[in-house]
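>>> Dropping the sequence and predicted coords here.
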Amino acid sequence: MDKIFIMDMGSQYSHLIARRVRELGIYSEIIPYNISISDLMFLNPKGIILSGGPSSVYEENSPKLEKSFYEYVKTQGIPVLGICYGLHLIIHQLGGKIDPNNKKEYGKTELDILEFDSLFYSLNKEEIVWMSHGDQISEIPAGFKTLARTKNCPIAAFGNEEFNIYGVQFHPEVVHTARGTIMLKNFIYNIVGAKKEWKLNSWIETNIESIKKEIGPNNRVILGLSGGVDSSVCAVLLHNAIGDRLHCIFVNNGLLRKNEDLEVQKQFKEKLNFKNFHYIDAERLFLERLKGVDDPEEKRKIIGHTFIEVFENKTLELETEHPSIKYLAQGTIYPDRVETATTSKNAAKIKSHHNLTLPENMKLKIIEPLKDLYKDEVRKIGKQLGIEAELIDRHPFPGPGLAVRCVGAIDKEKLNILREADLILLEEIRKAGIYNDLWQVFCVLLPVKTVGVMGDFRTYEYICAIRAVESKDVMTASFAKLDWDLLEKIGTRIINEVKGFNRVVYDISNKPPSTIEYE
Ligand code: XMP
């Protein structure tokens, strides 16, 4: 299968570039910019994209490519496209000049196209593109020619047709570059000549076969099922491959939404006919350990450790019963892996995320069938595997569940109040037909009591905050501008129907500086 590799120079858009390439039917992966040439040769790229990045080529420690990189791509005939910093690097390393002191340019700009036979084939003379750069090219190396310019940037795109090395100053991968997809198509299909071989239908068949082969005819697999999209799709895929040799463990940590424990059981035990679905009710244990704990990080740690303990105990019990349990499956997806490997290393720790991590002393082999997929691909596969759309399109729900939405120390009473309000909120949002337009929507219990009046009585109850956000990439999110009438209806229902809340507020904070969850 033809593959295009994105060499990551630290851009926030690297995943976006890889996803765009995949949407065009070509498999793509992100690799570090400092990969050795021998490792790169082993990957056998059909084409390479150098991402943008926040650095300047003149900074001492900014990402640079090995000199032999250019020899390698030229001799092997591998086309290269540099985007923003990637373009600066090509120019800088091949003998051109970058001017660091030029005017910075951010936002939409009109591109004036000068050459139409390669990157800009079939486009108009003028196209809208998205710029975000400080440095810019003042001189291109011999053999290259200018393909486009903007008002502030005389060399906004260049190309070397002999070696198929191209660069663009703007970002074709973002939606603000109106016809960026055509530019990427031109690079991928016409210049690289990649064949459209990345198809999710055949992915399912091929992967079911390879799971069967890897697990063998007798071994069994354990999977921690949370009811979220990734672990659910992973479960159904494995179930298709090895049937009831798959053992799913679902832990009710007492922090789930109302009826969630019942719904997940119904889905897997009844509808999907999973015979080895192991439900563990650990509510009491979790709540006991969380009693009186109000520090958010401490709460997360307790939940993470308790989960691992419960999960491990059940696994040991199952292993005694079925010594052929040899694998632990995880619903890890591609961004989880790449983020752990690269970007998050330098990122400040904002919150510790406790998901289904493998206890260190477990001797099981890991299998991660979704490890190369993006979330939208996992969703498509889930639908093709016949999982209900309602489950597949669910908003993300954090591992520590309602604990991070019930501020401060938690107990069953507060959680129940929150559950009732959350149910009303989701019901109204679904009724209004906007659930799928929102990234997440949920209620939060603020442990502050205020005065209200119900009939002739004074009330003194907690505050319910409503959080509804829109986001594309989770790194940034903006509060949803919900309709006032809808908000009024939700607020009125919560105050009238949920004993424990007498005031509802709407959260109008964006991320950053706020986060999506409260703790
Ligand atoms: P924040 O609150 O950091 O959240 O803006 C970003 C996204 O991550 C989800 N989230 C979690 N997901 N385990 C998870 O699986 C966690 O511990 C966790 N904490 C936050 C959050 O819902 C949002 O989608």
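Structure's in. What do you need? Predicted model only: the values in this text are computed from it and were never measured.
>>> in a strand, that's where Gly107 is, yeah?
Yes. Secondary structure assignment (DSSP: H, G, I helix; E, B strand; the rest coil) places Gly107 inside a strand.
>>> Begin at 703 from now on, thanks
With 703 as the first residue, the last one maps to Gly809.
>>> Tell me the bridge partners for it.
Assessed by DSSP bridges, Gly809 has beta-bridge partners Met833.
>>> doesn't Met833 make contact with it?
Yes. With contact defined as Cβ atoms under 8 Å, Gly809 counts as touching Met833 (6.6 Å). Heads up, the C-betas are built off the backbone N, CA and C, glycines and all.
>>> Kindly confirm my reading that Ile982 is in a strand.
Yes. Assessed with three-state DSSP, Ile982 lies in a strand.
>>> what number of residues lie near it?
The burial metric for Ile982, expressed as a neighbour count using other Cβ atoms under 10 Å, is 15.
>>> again with Ala1091
Other residues within reach of Ala1091, judged by other Cβ under 10 Å, total 11.
>>> Can you mark which positions in stretch 1070-1086 are buried?
By neighbour count, and taking 16 or more other Cβ atoms under 10 Å as the criterion, the buried residues in stretch 1070-1086 are 1071-1072, 1074-1077, 1079-1085.
>>> Ignore what I typed, I meant stretch 1025-1032.
Neighbour counts using 16+ other Cβ under 10 Å place Ile1027, Lys1028, Tyr1029, Leu1030, Ala1031, Gln1032 of stretch 1025-1032 among the buried residues.
>>> Point me to the helix or strand that includes Ile733.
Per DSSP states H and E: Ile733 is located in strand 729-734.
>>> farthest-separated two in the buried residues of stretch 1070-1086?
Among these, the pair separated by the greatest distance (Cβ to Cβ) is Asp1074 and Lys1085, at 18.3 Å.
>>> Near Ile1010, how many other residues are there?
What Ile1010 shows, counting by other Cβ under 10 Å, is a neighbour count of 18.
>>> Could you pull up the residues touching the residue nearest the centre of the chain?
Among the residues of the chain, the smallest C-alpha distance to the mean C-alpha position (Cα atoms, centre = their mean) belongs to Pro1037, namely 5.5 Å. With contact set as Cβ atoms under 8 Å, 6 or more residues apart in numbering, Pro1037 has these partners: His717, Tyr1076, Lys1077.
>>> Same question for Gly798.
By Cβ under 8 Å, 6+ apart, the residues touching Gly798 are Ile792, Ile839, Glu841, Ile842, Pro843, Phe846.
>>> want to try CSV for the residues you listed, with pLDDT as columns?
Compiled in CSV, the contacts of Gly798 are given as follows (pLDDT from 0 to 100):
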residue, pLDDT
Ile792, 95
Ile839, 88
Glu841, 91
Ile842, 92
Pro843, 92
Phe846, 95
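>>> and those, which of them are in strands?
Ile839, Glu841 (DSSP state E).
>>> List just the nearest of the contacts of Gly798 to the ligand.
Set against the ligand, the nearest of those by Cβ to the nearest ligand atom is Ile792 (35.1 Å).
>>> Leu752 is in contact with that closest one, correct?
Yes. Counting by Cβ under 8 Å, Ile792 sits close enough to Leu752 to count as a contact (7.1 Å).
>>> Quick check: neighbours shared by those two?
Taking Cβ under 8 Å, 6+ apart as the contact definition, Ile792 and Leu752 share the neighbouring residues Val782, Gly784.
>>> Could you tell me how far Ile867 is located from the ligand?
Counting by Cβ to the nearest ligand atom, to the nearest Å, the gap from Ile867 to the ligand is 38 Å.
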